[in-house]
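**Student:** with the sequence up front, the predicted model follows.
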Amino acid sequence: MMIPVPIGDLDPAARFAMVSWTLAPRPIAWVTSLSPDGTRNLAPFSFFTVASTDPLVLMIAVEPRDDGGRKDTLANVVATGEFVVHIAPEHLVAEVARSAEDTDPSFDELADLALATADAEVVRPPVIDGCLAAFECTLLETRQPGRETLVFGTVVAAHAADHLLAPDGRIRSAAVRPLGRIGSVFLTSRQIDSRGARRPVAHSRP
Ligand SMILES: Cc1cc2nc3c(=O)[nH]c(=O)nc-3n(C[C@H](O)[C@H](O)[C@H](O)COP(=O)(O)O)c2cc1C
């Protein structure tokens, strides 16, 4: 039996908890960006999805800071028009968690975590080595339907870990072990149910 939830009457924290624990598991966008003075920034966002596949557009929803200001990622993306979305592997869970700590805009999370990076192909923010995938994005637009600011990024280049790519360019689905989010905790993919799996095709659709 389903019980009605008075979602419109819930206080914002309870409403947040309801969606955060039920719209789950969510993928995590681990986002690098640069401030206008070139300081590197890294932060995770699980209110994250594909907004379009043609062209490929990704979307993250950025909450305001507790003081009402903009988080560094949003400020950087609006100022520079560029960011890189990474899909982190499970073993980097501690690094993902630490990169979410509230720090001064001059703090370089990539240096703090000693994460190795490489130059991106098109944009200026760096690509983190060892992630499952990385999507270089240029800012398409921001929208503010409510509390969060939606950031839409057009993917201008993409990277995948070599162990995920088969020689024919397909993704080895069994090798994908992403980190996810349920509510305020992390999720790993130790148990994957492959009953719904379709035959791999070069350009599979969801
Ligand atoms: C796994 C995870 C997912 C998160 N998802 C979001 C999110 O979707 N939106 C958001 O605004 N903050 C999210 N946060 C919190 C931000 O990562 C955090 O506020 C961070 O300090 C922002 O960094 P910045 O100021 O450098 O942009 C998440 C934190 C974690 C650990």
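**Tutor:** Yes, it's here. What you see is a predicted model, and the numbers here were worked out from it, not measured in a lab.

**Student:** what's the neighbour count on the closest residue to residue 121 other than its chain neighbours?
**Tutor:** Nearest non-adjacent residue to residue 121, counting by CB to CB, 6 or more residues apart in numbering: residue 157, 4.2 Å away. To be clear about C-beta, it is placed using only N, CA and C from the backbone, and glycine gets the same treatment. Residue 157 has 15 neighbouring residues, counting by other CB atoms under 10 Å.

**Student:** what sits against residue 157?
**Tutor:** 120, 121, 122, 123, 135, 136 (CB atoms under 8 Å, 6 or more residues apart in numbering).

**Student:** make JSON lines from those residues and add pLDDT to it.
**Tutor:** Output for these, formatted as JSON lines (pLDDT from 0 to 100):
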{"residue": "120", "pLDDT": "98"}
{"residue": "121", "pLDDT": "98"}
{"residue": "122", "pLDDT": "98"}
{"residue": "123", "pLDDT": "98"}
{"residue": "135", "pLDDT": "98"}
{"residue": "136", "pLDDT": "98"}
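
**Student:** which phi and psi does the residue nearest to residue 121 have?
**Tutor:** Dihedral angles of residue 157 (phi, psi; degrees, to the nearest 10) stand at phi -160, psi 150.

**Student:** quick one: name the residues of this protein near the ligand.
**Tutor:** Proximity of the chain to the ligand is confined to 28, 41, 43-47, 61-63, 71-73, 96-97, 100, 102, 181 under the rule CB under 6 Å from any ligand atom.

**Student:** so of those, which ones are in helices?
**Tutor:** 72, 73, 96, 97 (DSSP state H).

**Student:** the last one touches residue 181, doesn't it?
**Tutor:** Yep, that's residue 97 we're talking about. No - Residue 97 lies out of contact with residue 181 (CB atoms under 8 Å); the separation is 10.6 Å.

**Student:** count of neighbours near the nearest residue to residue 105 once chain neighbours are set aside?
**Tutor:** Once flanking residues are discounted, residue 105 sits nearest to residue 72: 5.0 Å by CB to CB, 6+ apart. Residue 72 is flanked by 23 other residues according to other CB under 10 Å.

**Student:** what's opposite the spatially most central residue of the chain in the beta bridge?
**Tutor:** By CA atoms, centre = their mean, the chain has its centre lying nearest to residue 29, at 0.8 Å. Applying DSSP bridges to residue 29 gives these bridge partners: residue 45.

**Student:** tell me who's in contact with it.
**Tutor:** 44, 45, 46, 48, 58, 60, 85, 86, 87 are the contacts of residue 29 under CB under 8 Å, 6+ apart.

**Student:** please apply the same query to residue 51.
**Tutor:** Here residue 51 is in contact with 57, 58, 59, 152 (CB under 8 Å, 6+ apart).

**Student:** just confirm the third one is within a helix.
**Tutor:** Right, residue 59. No - judged by DSSP: H, G, I helix; E, B strand; the rest coil, residue 59 forms no part of a helix; its state is strand.
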